[in-house]
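Student: pasting the structure only:
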């Protein structure tokens with residue numbers, strides 16, 4: 001999933017389903033352009049403020065959050081596998097609606113200073129409804145609302161091991177009460193929303209109960225993990241097949257199949273691994289990284305691209321970046337390659353990968369982009385090679401001032417290959433300049 005932009009160094013993804021939602025909610029205003037535009041702008045900004053409330057608290061706890069706009073509004077998440085403590089989860093959950101209430105409160109205070117007109121009434125009315133009305137609704141102790149997450153933390157603290165079961169029962173009771181309230185007061189949208197949330201809670205409750213049936217398989221699952229980590233791939237495939245056959249729930253069955261597919265991939269059985277992964281129970285493959293790798297290895301490069309992008313965004317490590325880079329170079333999608341790497345300067349790529357990216361961009365004539373990646377590499381790792389490569393790209397751009405500056409940096413960082421510098425075609429445009437002669441002398 002590709003970020004649309006970054007704000008405060010927080011990646012923000014906007015799905016097309018979000019705009020469908022906003023359009024649907026404003027359909028009655030479509031004949032009044034000012035009211036229609038007001039609604040879209042207010043909803044987008046208000047949800048952004050709400051999610052930034054979550055994101056800033058996540059950042060204060062040391063996490064790297066990402067915001068996604070989708071059909072249910074907004075979602076702020078952190079890297080898969082990150083451990084969020086219960087009290088941190090509670091604070092993060094409250095930060096969103098409190099941010100919305102704060103924005104609504106500020107707008108309420110400044111509203112009297114605006115001239116009275118139809119458009120100001122519409123705009124401020126939307127602001128109050130979305131930021132105050134929605135925020136209060138969002139504080140209801142009902143999963144998956146923020147109030148539901150707060151209630152979940154509290155109930156789990158009180159009821160310990162039975163906390164999840166008690167919470168979903170409580171949440172369904174709240175949903176049922178909201179549905180009755182909506183029907184009684186003829187607020188049918190509340191009744192419909194409550195019924196939808198009741199269904200979500202019921203499904204989560206049933207999954208929770210069924211997962212309990214597979215608890216006894218946990219030792220076998222741990223053993224399967226160990227086999228894969230130890231490189232005993234044939235034994236891992238056999239163990240995965242047996243575990244998947246015993247599992248009752250799709251979740252546990254899919255975990256076993258996924259681990260078996262990792263083992264098959266490590267054995268070079270890419271076609272069989274992909275076949276098994278795509279036959280898993282459910283419509284979505286849980287491991288986007290593995291799925292992207294197998295699609296790529298089986299020549300389905302276009303399909304692999306989005307999965308590898310999603311994996312990289314969630315992991316931001318060198319392994320996911322390496323596969324993504326290989327895929328994008330294969331597709332010759334250098335724009336996505338450059339934009340993705342620049343979007344995540346904090347990603348944990350190693351020196352060699354940065355160098356291969358800048359070389360690929362340079363070789364295809366994307367000199368400005370290649371220079372920027374080389375400079376990013378230099379910022380992270382320093383070293384003469386990154387500086388020299390930047391100089392080569394700058395020379396190709398005919399930016400002699402920058403090229404000479406980076407050549408000097410390369411020499412200062414320890415560049416000693418005089419022969420390469422003198423005969424490098426990338427530097428041909430600099431050789432008649434006396435500054436080039438001076439730098440060559442430094443290598444003598």
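Tutor: Everything's here; your move. All of these numbers come straight from a predicted model, not from anything done at the bench.
Student: Contacts for the helix or strand hosting residue 237, please.
Tutor: Using DSSP states H and E, residue 237 maps to helix 233-246. Identification of contacts with helix 233-246 by Cβ atoms under 8 Å, 6 or more residues apart in numbering yields 217, 220-221, 223-224, 227-228, 252-253, 256-257, 259-260, 262-264, 266-267. Any C-beta I mention is one placed from the backbone N, CA and C, and that applies to glycine too.
Student: Tell me who's in contact with residue 330.
Tutor: Applying Cβ under 8 Å, 6+ apart, the residues near residue 330 are 296, 301.
Student: Residue 300 versus that one, what's the distance?
Tutor: 11 Å (Cβ to Cβ, to the nearest Å).
Student: and what of residue 347?
Tutor: 25 Å.
Student: more neighbours, these two?
Tutor: Neighbour totals were compared for residue 347 and residue 300, and residue 347 leads with 18 against 13 (other Cβ atoms under 10 Å).
Student: wait, doesn't residue 5 sit right on residue 12?
Tutor: Yes - Residue 5 is in contact with residue 12 according to Cβ atoms under 8 Å; the separation is 5.6 Å.
Student: more neighbours, these two?
Tutor: Using other Cβ under 10 Å, the more surrounded residue of residue 5 and residue 12 is residue 12, with 20 against 10.
Student: Model confidence at the nearest residue to the more buried one once chain neighbours are set aside, what's the number?
Tutor: The shortest distance from residue 12 to any non-neighbouring residue, by Cβ to Cβ, 6 or more residues apart in numbering, is to residue 67 (4.6 Å). Residue 67 carries a pLDDT score of 91 in this model.
Student: same check, this time on residue 253
Tutor: At residue 253, pLDDT is 87.
Student: same deal with residue 211?
Tutor: 69.
Student: cool, and the one 3 residues further on?
Tutor: Per-residue confidence (pLDDT) for residue 214: 75.
Student: from the chain's centre, how far out does the helix holding residue 237 sit?
Tutor: Its chain's C-alpha centre and that of helix 233-246 lie 31 Å apart, by Cα atoms, centre = their mean, to the nearest Å.
Student: Then stretch 197-212?
Tutor: Offset of stretch 197-212 from its chain centre (Cα atoms, centre = their mean): 26 Å.
Student: Identify the residues contacting that stretch?
Tutor: By Cβ under 8 Å, 6+ apart, stretch 197-212 touches 142-145, 164-165, 168-169, 171-172, 175-176, 178-179, 248-249, 251-252.
Student: Out of those residues, which sit inside strands?
Tutor: Residues of those located in strands (DSSP state E): none.
Student: Are any of these buried, and if so which?
Tutor: 142-143, 145, 164, 168, 171-172, 175, 178-179, 249, 251-252 (16 or more other Cβ atoms under 10 Å).
Student: quick one: which of those is nearest residue 288?
Tutor: Among the buried ones among the contacts of stretch 197-212, residue 251 lies closest to residue 288 (Cβ to Cβ), at 16.1 Å.
Student: What separation is there between the closest one and residue 412?
Tutor: Distance of residue 251 to residue 412, given as Cβ to Cβ: 56 Å.
Student: Surely residue 84 touches residue 62?
Tutor: No - using Cβ under 8 Å, residue 84 makes no contact with residue 62, being 10.5 Å away.
Student: more crowded one of the two?
Tutor: Between residue 84 and residue 62, residue 84 has the larger neighbour count (other Cβ under 10 Å), namely 14 against 9.
Student: Give the helix, strand or coil label for residue 12.
Tutor: strand (DSSP: H, G, I helix; E, B strand; the rest coil).
Student: my guess is it meets residue 47, correct?
Tutor: No - under the criterion of Cβ under 8 Å, residue 12 makes no contact with residue 47, lying 10.7 Å away.
Student: Common neighbours of those two, please.
Tutor: With Cβ under 8 Å, 6+ apart as the test, residue 12 and residue 47 both reach residue 69.
Student: in the helix or strand where residue 198 lies, what's buried?
Tutor: In this assignment (DSSP H and E), residue 198 forms part of helix 188-212. Neighbour-count burial for helix 188-212, counted by 16+ other Cβ under 10 Å, picks out 190-191, 193-194, 197-198, 200-201, 204-205.
Student: same deal with stretch 430-444?
Tutor: So, applying 16+ other Cβ under 10 Å, buried residues of stretch 430-444: 430, 436, 439.
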